[in-house]
Every structure is written in C-alpha cells, then in structure tokens.
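Visitor: return a 3D structure for these sequence lines:
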Amino acid sequence: MAIGAQNAFVLAQSLRREHHLAVAALCMSCDAILITAGVFGLATLLARYPLAMEITRWGGVLFLVGYALLALRRAIAPHALAVAETERPLRARGTVLLATLAITLLNPHVYLDTMVLIGSVGAQQTWPAWFVAGAASASMLWFLGLAVGAARLAPLLNRPLTWRLIDVLVAGMMLRVAWSLAAPLWSAG
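Guide: From the prediction side, this is the model:
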C-alpha cells in the first residue's frame, strides 16, 4: 500500500481522532465497490473512453493542488498549532465524510489502482469473485489498521511541530501525486 491522497487523509483524520473510524469505513466501502466494478468490467470500459480518463486526471490534479495548498496554509497559520482536542472544535461528521468522498472519488489514482490495475488483474483470475473478496478484505484491513494505529499514536504525535510537519508532508505528497498525473502529458508534448 502506497501512502497517497486517500491514505494521507485517513492518517490525518485518525491522528486528530476526528470521525476516523467512519472515515475508514467509508474508504473501505468505496474501495470494495471500485474493486468489484473494476474486476467485473469497468476497467475495460474506461480503456475504451480515454476522454473520461483525461477529465478525471485533470480534475484530480486541480483537486490535489487545492488540497496541498490547504495543508500548507494549516502548516503556516497560527491556528495550525491548536492541536489539542480542547483547543480545536471537531468538524461535523457529515462534513468530514463529504471530504472523504471528495478525496476518494476525485482522486484519479484511486480509479487507476482499484479499477484499472486491480480490476484488470482480477478479471484474469479463474475465480474473480474470490479475488474481489481477497482484495477488498486487504483494503479493509489496511484502512482499519491505519485508522486505529494512528489514533493510538495520536498522544505521542500531539505536538505543534509534529502537526506542522505532517501538514507539510501531506502537501508535498499531494503536489507529487498531482505532478505525476500531469507530467505524462507535459513530457509527451
């Protein structure tokens, strides 16, 4: 498992203990649905319509750059230092879950990983349903482990400098992923 936009978001929510189990459950559900769709035919369908992939790619680039800028703002702004539970109000569960859906569904890497890569491998299996069950189970274990593990480590990581560093690293990761999505077009031109 690579730490991409979705995993970085789950990690940050878990460290903040801000609806982290609901976030992980939503990510698990989305992965299971996308893996199933990929294995049972959507990977082939997306390959037939390259414009859909290009729209997804550039939408993802814009989204990831925006998310990176927000993380940098949190790292620089004075309120980024208010990391204790009592100093920072929790966002509403619905707001956090909408952000989770955006991070998940507007991120082209999620589609490339789950539907295209995993989907094309799973479609070639003798028992694709078992492959889907195994891949979805691995995803569920990953997100649950990430959410619970990060939440347990939160007291050790609950320092202002740590939060600033996490936001800077998240911003860097988002910009790297955005660049990797945009770079193939710039190098081909």
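Visitor: which strand or helix spans the nearest residue to residue 150 once chain neighbours are set aside?
Guide: Spatial nearest neighbour of residue 150, chain neighbours left out: residue 14 (3.4 Å); criterion: CB to CB, 6 or more residues apart in numbering. C-betas here are computed from N, CA, C, even on glycine. If you go by DSSP states H and E, residue 14 is part of helix 5-16.
Visitor: that helix - contacts with which helices or strands?
Guide: Applying 3 or more CB pairs under 8 Å, 6 or more residues apart in numbering; DSSP states H and E, we find helix 5-16 packed against helix 20-37, helix 93-105, helix 108-110, helix 128-157, helix 160-188.
Visitor: pull the contacting residues for the nearest residue to residue 17 once chain neighbours are set aside.
Guide: Distances taken as CB to CB, 6+ apart place residue 151 nearest to residue 17, at 5.4 Å, with adjacent residues excluded. Contacts for residue 151 (CB atoms under 8 Å, 6 or more residues apart in numbering) come out as 14-15, 17, 20.
Visitor: show me what counts as buried in stretch 50-63.
Guide: For stretch 50-63, the neighbour count (16 or more other CB atoms under 10 Å) marks 56-57, 60-61, 63 as buried.
Visitor: wait, the residue nearest to residue 150 touches residue 146, no?
Guide: Yes: Residue 14 is within contact range of residue 146, at 6.6 Å (criterion: CB atoms under 8 Å).
Visitor: and for these two, which residues touch both?
Guide: residue 24.
Visitor: for residue 50, find the nearest of the helices and strands packed on helix 5-16.
Guide: Closest to residue 50 of the helices and strands packed on helix 5-16 is helix 160-188 (CB to CB; 12.0 Å).
Visitor: from the contact counts, what lies against the closest one?
Guide: Applying 3+ CB pairs under 8 Å, 6+ apart, we find helix 160-188 packed against helix 5-16, helix 50-76, helix 108-110.
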